[in-house]
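Engineer: give the three-dimensional model of this entry:
(chains A and B)
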Amino acid sequence: MKFSRGIRDAAIAFGIIIVFGSLAMLLAGVNPVDGFTALLIGAVGNVPETAETLVQTTSLLFPALGIALAFRAGLFNIGAEGQLLIGGLFAGVIGERLIAPGIIAIPLLLLAGAVGGGAWGALAGWLRARFAANEVIATLMLNYVAIQVAAYAITGPLKSAAGAGNETGELPASSWLPTILPDTRLSIALLLALALALLLRWMLRSTVIGYQLRAVGDAPRTAQRAGIDLAKMRFWTMAFSGAIAGFGGATIVLGVLHRFNLALSPGYGFIGIAVALVGELDPLWVTVAAFLFGMLQNGAIGMQAAANVPRDVVTAIEGLIILVLAGRRIITRSGAD
Amino acid sequence: MPALALRGIVKRFGDLVAVDGVDLDLESGAVVALIGENGAGKSTLANIAFGSIAADEGSIERNGVVGLVHQHFQLVERLSVWENVLLGREPRKGWRLDIAAARARVRELGERYGLHVDPDALVETLPVGLKQRVELLRELEREPAILLLDEPTAVLAPSEIESFFATVVALAKRGIAILVVTHKLAEVISYTSRVNVMRAGRIVARYETAQTNADELARVMVGGEIPRLAERTAMPRQVSPVVHISGLRARTESDEIAGLDLALGAGEILGVAGVEGNGQTALADALAGVCGYEGTIRFRDEDLPPTLGPRARILRGMQIVPQDRQREALVLDWDVTENAILGRERNPELRRGLQIDRAAARAFAQTIVDRFDVRPPQVDTLVRSLSGGNQQKIVVGRVLAGQPTFVLAYQPTRGIDVGAAALVQSRLIEARNAGTAILLISFELDEIFALADRVVVLYRGKIAGEFERDAFDRGRIGALMAGSS
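Structural biologist: Here you go, the predicted structure:
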């Protein structure tokens, strides 16, 4: 049942990419074969571009894993964008002030990101548990609140001398994530993301807590009568889901930008929804899906340069995939007990 | 010429042949029964006759309009009676509704068939008996030549059933051909003229009702002897009750209880008789700890506060067989093993640190599968692919594993085949013999009479009467279920 649905989601995503991508390229007066070739070369044509695709993969994978986890518990967390931003804010604001050796600063700042994102996710989880507030609405709205909170924080009370406009000052170099490929932005964040994917897969498949989480997602009334505390499980799942996204935000601050910036994410938290769904909510396949979307993200730049197709085509395609896959789930979801 | 003639009807759902070459004629003026176990294909056949399911093979000849009254009411609760009866066929005056004509039409129908209902009453305020009248009126409004009734008495009290069939027989006298789809043999014997017995998609026997009896029909329906239930051993009456409920008030979406008292001892099955909607769900949910309540539930020597959740109750030895096994007791997309350990996943014997001990879980599931004869006997079968009877065996097996002190069994054999039902009932009796206190909530009086040591009648959220096993009185209990004192 589940399996065929996942395959169908992947097929829908590919169909949209091919059909609408070709259509948009034709409208731009470009042969789709040339366009897609340019996209592919732009994504994995050489080592630096492949590294950059993996950077995008990493930035997508964290929020996508958080989303997949929440979704397995029946919680439609579409607030990963906000959770990621708050996580990045925590890491950036603390990071620019923290002078410590990397071995201490890096784990501390990543943890700060997780705490920030986790708190933001927990807020939606609390609203759900306490007031039965629909988490779709709550998480969506909190995205907007997150942007305003972050903007206020870095221009107001937490503004630093080095900060300017929409960003904080630069973090000390000792707090940057070590790169794993010279002369690229590819950092150990990729390895952390892959490790997290494996950990989540093990958690969902083999542990008691993962079993209970799936029960709450697959059959909430059954889970409740079997003695699983729905409110508690939903709260902690939202918190954990947000923490994963927030951790991802911190890796962008520490590994890519080396500062917090309001434009930290070009929508990783939203594209992550499509990544999670195409990946069948299974951390292993979510990882594969993140790579494919990473290719789209990075290949779009090459495509624009080489084939003169506006990169917004990719943004539009991604938006369409989210709309179709996520929209279908929200609509067909029933019995939100 | 028959009013309805089905010839060689075949219907497949994937690999399953639900209807396998059925011929059936309905004559004007006759009440004909179609009986069979759950899953025999009788509802599918009724829907094919009506036209809401297309047959894969065969021909259907309908001489006149066909009406179908569903087992579950198909009414818009928030609309009035006339709005429901005339939905989609409202009389109009220009572009406006002609409400006066609509009221008159519903009144006239009520007069003609003896089915009086206030046309302006809101459907949600009506008792079930009247809701069923509205269903009937809606079908009769289309002047059907053929009327199909799918399990029409499932939600009626015994006395309501009597008057319902009086109406049905009167409709037949007016020349309507009537097919009653049911599994209640007493109704078949009392009110129909011919019986068709379905098993595994085929009609395996046809009788003139006068020339058969309930025992014969039951045997043909099951395709063998009816399995015997486990013997009940004599139990000494306990002095102090295991569960003592007093002044209980609770409310769910579907019903409520309003000041209920009962006590239940070890080694006793207490049957709660009553028509659906009289507080059964509220009682069950309050005991399970999933809905708030006032009043007291005393378990052994402890008052259970309403805030005490299901987990704490399970740990104290209270177990529940929920009413809706697919939504409240199982995770359909999981396999037998994962379903079998539900509620015990934190127990040390099924756990290795943070992980579930797969081998131990499979072994535990296997004991349930073996003891309850689950088919197929593989523990990695997806529960969704099991029959209702086998699904229920897993639920009851899980509940009875480890000798619970108290079991609430809410419709434990609903919609399952006779063999599985007998097995479930036998296991419940054996648990009682071993000292478990069992509260059996059932809408089927036959089930309560077969299992219970004592019966209370639930009517409008209160206990309306109580009977010991040696003084069960079907007439009295039926009357109390309908609200007469």
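Engineer: so where does the residue of the stretch 201-350 of chain B found nearest chain A fall, helix or strand?
Structural biologist: Closest approach between the stretch 201-350 of chain B and chain A, counting by CB to the nearest CB: B:R311, at 3.3 Å. To be clear about C-beta, it is placed using only N, CA and C from the backbone, and glycine gets the same treatment. B:R311 belongs to helix B:310-315 when elements are defined using DSSP states H and E.
Engineer: contacts for that helix next, please.
Structural biologist: Helix B:310-315 is contacted by residues A:224-229, B:287-290, B:299, B:304, B:320, B:343 when judged by CB atoms under 8 Å, 6 or more residues apart in numbering or on different chains.
Engineer: now the two most distant members of these.
Structural biologist: Checking the contacts of helix B:310-315 against each other with CB to CB, the farthest-apart pair comes out as A:I228 and B:F299, at 20.8 Å.
Engineer: dump the residue contacts of the nearest residue to B:V379 once chain neighbours are set aside.
Structural biologist: The shortest distance from B:V379 to any residue that is not its chain neighbour, by CB to CB, 6 or more residues apart in numbering or on different chains, is 4.2 Å, and that residue is B:A365. Under the criterion of CB under 8 Å, 6+ apart, the contact partners of B:A365 comprise B:V336, B:T337, B:N339, B:A340, B:I341, B:V379.
Engineer: go ahead and confirm the fourth one touches B:A361.
Structural biologist: Yes. Under the criterion of CB atoms under 8 Å, B:A340 makes contact with B:A361 at 7.3 Å.
Engineer: picking up where we left off before, can you flag which of the contacts of helix B:310-315 belong to strands?
Structural biologist: By the criterion of DSSP state E, membership of the contacts of helix B:310-315 in strands covers B:F299, B:I320.
Engineer: which of the contacts of helix B:310-315 has the most neighbours?
Structural biologist: B:I320 (28 neighbours; other CB atoms under 10 Å in any protein chain shown).
Engineer: hmm, B:F406 and it touching each other?
Structural biologist: No. Between B:I320 and B:F406 there is no contact, the gap being 9.4 Å when judged by CB under 8 Å.
Engineer: could you report the neighbour count for B:P144?
Structural biologist: As a burial measure, the neighbour count of B:P144 was computed by other CB under 10 Å and equals 20.
Engineer: look up how far chain A lies from it.
Structural biologist: In this structure, B:P144 lies at 33 Å from chain A, with CB to the nearest CB, to the nearest Å as the measure.
Engineer: re earlier: mind putting the contacts of B:A365 into a markdown table with neighbour count and pLDDT?
Structural biologist: Listed next are those as a markdown table, based on neighbours: other CB atoms under 10 Å in any protein chain shown; pLDDT from 0 to 100:
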| residue | neighbour count | pLDDT |
| --- | --- | --- |
| B:V336 | 27 | 96 |
| B:T337 | 22 | 97 |
| B:N339 | 26 | 97 |
| B:A340 | 27 | 97 |
| B:I341 | 26 | 96 |
| B:V379 | 22 | 94 |
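Engineer: now do stretch B:49-62: distance from first to last residue.
Structural biologist: Its start and end residues considered, stretch B:49-62 measures 8 Å (CA to CA, to the nearest Å).
Engineer: quick check: buried residues in that stretch?
Structural biologist: Residues of stretch B:49-62 classed as buried: B:A49, B:F50, B:I53, B:A55, B:G58, B:I60, B:R62 (neighbour count, 16 or more other CB atoms under 10 Å in any protein chain shown).
Engineer: ok, and of those residues, which contact chain A?
Structural biologist: Cross-checking the buried residues of stretch B:49-62 against chain A (CB under 8 Å from any CB of the partner chain) gives no overlapping residues.
Engineer: quick check, nearest of these to chain A?
Structural biologist: Nearest to chain A out of these is B:I53 (CB to the nearest CB; 22.4 Å).
Engineer: wait, a strand at the closest one?
Structural biologist: No. Note on B:I53: no strand contains this position according to DSSP: H, G, I helix; E, B strand; the rest coil, which reports coil.
Engineer: what residues does chain A put near chain B?
Structural biologist: Going by CB under 8 Å from any CB, the residues of chain A near chain B are A:1-2, A:206-209, A:211-212, A:214-215, A:218-219, A:221-229, A:335.
Engineer: at 10 Å instead, please
Structural biologist: By CB under 10 Å from any CB of the partner chain, the residues of chain A that approach chain B are A:1-2, A:202-203, A:205-212, A:214-215, A:217-232, A:335, A:337.
Engineer: hang on, A:L65 packs against A:L192?
Structural biologist: No. Under the criterion of CB atoms under 10 Å, A:L65 is not in contact with A:L192, lying 11.0 Å apart.
Engineer: which one of these two is surrounded by more residues?
Structural biologist: When neighbours are counted by other CB under 10 Å, A:L65 and A:L192 differ, and A:L65 comes out ahead with 31 against 19.
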